[in-house]
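Asks: Please find the sequence and the predicted model below.
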Amino acid sequence: MTLWQIVIVASIACVVLKLAGYLVPAAVLTKPAPARISELVTVALLAALIAVQTLGSGHGITLDARVPAVLVAVVLFALRAPFIVVVIAAALVAAGLRALT
Amino acid sequence: MTAQVPAPDGGDGGDAEDTAAQDAAAQEAAARALDRVATREGIAVGVATAAYGLSFGALSVASGLTLWQTAFLSLVMFSGGSQFALIGVLAAGGVASGPSAIAGAALLGTRNGLYGIRTAPIVGRGWLRRIAAAWITIDESTAVALAQPTPRSSRRGFWVTGLIVFAGWNLTTFVGGLIGNTLGDTRAYGLDAAAAAAFVGLLWPRLKRRQALVVAVAAFVVATALTPVLAPGLPVLAAALVAVVVGWFDWAGPRAGAQRGTQPGTLPGTPTRGSGT
């Protein structure tokens, strides 16, 4: 697949899912399982993406400047810092550590 | 002093007619006040999201997408979590991980479909309007809509938030992409760590329940353990299976008898405000 094909197919899939919500009967929501699983899948995917983005390097696991940067981000989110502030702080921590080493 | 509202029965009610007109005017004023609250909330959420778009744009071009591919995602996919997931997997695995990237983005996009079930009754009639509504059905528009007390203010909150976030997100992701293009070696600027921090920010508001926390930790461990074994992208999808299993059997859920089922405000399909698109 080319990058464009990936971008287009994934985008259309997301739009179709949104449209499906307007066609599905509301009775689906009276069953707790679909809503619960959907929310937990969101949580799992985000947690897994944190793992891969923080520790992954190609086909292996590496501990580098990303780890302290993400720990700083966790602390800042716990302190209710705004999203953009936390993201910039994480970038600065990683960039600073790399500049020093 | 009040607008002339014809009495429904056209009768000669006198005082009763005046009272009815005053009631109608008072109700209209109250409804407008609620509309203003909904509009204000929508603008506040929209502006907050715009800042977040800058980081997505920069990270997207850092992951290898062009500026126009980044803009296409924001225009069509228009869902921050899915967009971040797609570029996250592509950054790790390149074009070869395309199917996993698509699957990850689509899985994260399923919650927008669930939001649609709840917002469908409030957005108004007409198929064009409903397609437009579906397009902008995301965490923010749904959260603001469901937080309003009346159907009318819900509709106002939904459209104001959705349209402002749509405009702001497309503008700021494009600007972010332009900035990202000028940076060069993005690791030197810590952009890879910034992407990880962005995922933390998207996850954080969803960890209020014990079950969510358990799933998050398990998914983190599974994805880490499988990264050296599986092709890039697949560990993320494997971690999603954890959620399906836990959710299906409702392990580590709320204790039996305590609020099972669907209650407004506690429904798992309800987004958390300020949690990203």
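Replies: That came through fine. Numbers count the residues shown, from 1 in each chain, chains lettered A, B, ... in the order given.
Asks: Point me to the residue of chain A nearest chain B.
Replies: Closest residue of chain A to chain B, Cβ to the nearest Cβ: A:Gly21 (2.0 Å). (Each C-beta comes from the backbone N, C-alpha and C, glycine too.)
Asks: Where does the stretch 101-250 of chain B get nearest to chain A, which residue?
Replies: Nearest residue of the stretch 101-250 of chain B to chain A, counting by Cβ to the nearest Cβ: B:Gly116, 2.0 Å away.
Asks: Could you grab the helix/strand/coil label for that residue?
Replies: helix (DSSP: H, G, I helix; E, B strand; the rest coil).
Asks: That one: what's it in contact with?
Replies: A:18-22, A:24, B:134, B:137 (Cβ atoms under 8 Å, 6 or more residues apart in numbering or on different chains).
Asks: residues touching the residue lying closest to B:Gly124 once chain neighbours are set aside, list them.
Replies: Once flanking residues are discounted, B:Gly124 sits nearest to B:Arg155: 6.2 Å by Cβ to Cβ, 6 or more residues apart in numbering or on different chains. Contact analysis of B:Arg155 by Cβ under 8 Å, 6+ apart lists B:122-124, B:145.
Asks: Out of those residues, grab the one that's most surrounded.
Replies: Comparing the contacts of B:Arg155 by number of neighbours (other Cβ atoms under 10 Å in any protein chain shown), B:Ala145 comes first, having 30 neighbours.
Asks: Next SSE downstream of the helix or strand hosting B:Leu178?
Replies: Using DSSP states H and E, B:Leu178 falls within helix B:151-183. Downstream of helix B:151-183, the next assigned helix or strand under DSSP H and E is helix B:191-203.
Asks: how about the helices in chain A?
Replies: Taking DSSP state H to define them, one finds helices in chain A at A:3-21, A:32-55, A:66-78, A:83-100.
Asks: mind checking how far the third one is from the chain centre?
Replies: The gap between the average C-alpha position of helix A:66-78 and the chain average comes to 14 Å, counting by Cα atoms, centre = their mean, to the nearest Å.
Asks: in chain B, what spans have low per-residue confidence?
Replies: B:1-14, B:51, B:255-277 (pLDDT under 70).
Asks: I'd like the distance from the residue nearest the centre of it to B:Phe78, if you could.
Replies: Residue closest to the mean C-alpha point of chain B, counted by Cα atoms, centre = their mean, is B:Asp139 at 1.9 Å. Note on B:Asp139: its distance to B:Phe78, by Cβ to Cβ, to the nearest Å, is 11 Å.
Asks: coming back round to it: tell me which residues in the helix holding B:Leu178 are buried?
Replies: Within helix B:151-183, the residues scored as buried using 16 or more other Cβ atoms under 10 Å in any protein chain shown are B:153-162, B:164-166, B:168-170, B:172-174, B:176-177, B:180.
Asks: Let's see if you can find the most crowded of the contacts of B:Gly116.
Replies: When neighbours are taken as other Cβ under 10 Å, the top entry among the contacts of B:Gly116 is B:Thr137 (31 neighbours).
Asks: That residue should be in a strand, yeah?
Replies: No: secondary structure of B:Thr137 (three-state DSSP): coil, not part of a strand.
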